[in-house]
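Novice: Give the three-dimensional model of this entry:
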Amino acid sequence: MSQAPDPAHRLLLLGLRQSLTVDEGQWDRILRLARRTGLHARVAANHLDGNVRLTDPVRRHLLSAVRVAAYRAQMVRAELFRLATHCKGDFPVVVLKGGAYILENRALAVGRFVSDVDILVPKTALRTMEERLRGAGWAPAPLNPYDERYYRDWSHETPPLRFPGRSLEVDLHHAITPVTGRLAFDPETLFETIRPIPGTPFHVLAPEDQALHACLHCFQDGDLELRVREIVDIDGLLRALASAPGFWDRLLLRAAQLGLERPLWYGLRYARAWLDSPIPDEVFQALPAPNAVARRLMDTLLPLAMLPSDPDFPEPIQVRLARSALLARYHFLRMPLRLLLPHLARKALLRGKARFSQSPTGDGNHGV
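Specialist: Sure thing, here's the model as predicted:
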């Protein structure tokens, strides 16, 4: 790659897979970089049990991170317990991403910070589920009519819901990609292979669909800023699933069926390059690769955008430019230009009005 991780980043990524033997000064830098990306508890979970060379200050930092992540995971379990009472069995409710990893007791859930609970229901059941949750006390933040329309007409989820007094949001999805996105597909096909979680009213996606969703969320439905933790998710899923008989064949077939071969290629490429994920060469050979120009651009931009920059200095101009370029890519993939350009113009106008109305004038009239 033209922009491989530097030595500090390599230590951070290595610390996610094996115990490090480094001094306290290096630990200080590793943990500061890890905190910027929400990976410090994952590093901690990999070191507390087996690394006997940790100094007391480092061990205290790691133990604190693990405890906070465990508390957040318990909050997710509690929120799912409350949501379970509203699953009547008349349609499937699929738990996505972090909540699914917790329900399945996957190793990658340990030390993984979770800020929301994502659930997926058939589109025909979306209004029913939303009304149940609103009737039970979950509510969205106030939205202007335009943002409300954006969620209802163009997004793949309702406005995020939150129960008063609780910090976790509930994101209610009817698809895993925006309906206006370039890789949108009929989400009903996902429900054909979902799996029940014993002892709960919930389901999870099939293993190959979970891996595809992780790649899709990282490279098609995210702005990629400091998203190295998404690569860590992809790596964790692949390590958990790679030994299952026929997994790679099913993954390739499913990617072709859903038109998700490009995000899968990127997910596999960076999981192997940065985290040494166990991906067979023949899997890459079976996937259509981006052209050389696209590969070179992504190889240059992604490390700059995804990996944390030095916390002691302002972000370099090349980092800001890389993140701006990938943010533009994100918007371009999310909406066609006929919708995107008016959308961005409208949002810019609304932000300008908000800044103008909040400008201090000393006369209480907000500059009007």
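Novice: Local confidence estimate at P360?
Specialist: pLDDT for P360: 54.
Novice: repeat for the one 4 residues further on
Specialist: For G364, the pLDDT comes out at 40.
Novice: where along the chain do the strands fall?
Specialist: Remark: strands assigned in the chain by DSSP state E are 94-96, 116-120, 139-140, 161-162, 169-173, 195-196, 203-204.
Novice: longest helix in the chain, by residue count?
Specialist: In terms of residue count, the longest helix belonging to the chain (DSSP state H) is helix 56-84.
Novice: list the buried ones in that helix?
Specialist: Within helix 56-84, the residues that count as buried by 16 or more other Cβ atoms under 10 Å are 58, 61-62, 65-66, 69, 72-73, 75-76, 79-80, 82-83. The way it works is simple: take the backbone N, C-alpha and C, and place the C-beta from them, glycine included.
Novice: could the residues you listed go into TSV alongside pLDDT?
Specialist: Below are the buried residues of helix 56-84 laid out as TSV (pLDDT from 0 to 100):
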residue	pLDDT
V58	93
H61	94
L62	94
A65	96
V66	95
A69	96
R72	95
A73	96
M75	96
V76	97
E79	97
L80	97
R82	96
L83	97
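Novice: Kindly indicate which of these lies nearest R269.
Specialist: When the buried residues of helix 56-84 are compared for distance to R269 (Cβ to Cβ), A69 wins out at 27.8 Å.
Novice: List the contacts of that closest one.
Specialist: A41, R42, A44, A45, V110, G111, R112, F113 (Cβ atoms under 8 Å, 6 or more residues apart in numbering).
Novice: Repeat that for D235.
Specialist: A271, W274, L275, S277.
Novice: hmm, which two among those are most spread apart?
Specialist: Spatial extent of the contacts of D235 (Cβ to Cβ) is set by the pair W274 and S277 at 8.5 Å.
Novice: Neighbour count: the two, which is higher?
Specialist: W274 (26 against 21; other Cβ atoms under 10 Å).
Novice: I'd guessed that one sits against R227; true?
Specialist: No: W274 is beyond contact range of R227, at 11.9 Å (criterion: Cβ atoms under 8 Å).
Novice: what residues are up against the nearest residue to P201 once chain neighbours are set aside?
Specialist: Sequence neighbours aside, C87 is the residue nearest to P201 in space, at 3.8 Å (criterion: Cβ to Cβ, 6 or more residues apart in numbering). Neighbouring residues of C87 by Cβ under 8 Å, 6+ apart: V93, P201, F202.
Novice: who wins for most neighbours among these?
Specialist: V93 (23 neighbours).
Novice: Now for that residue: which residues touch it?
Specialist: V93 neighbours (Cβ under 8 Å, 6+ apart): L83, C87, I119, L120, V121, M129, P201, F202, H203.
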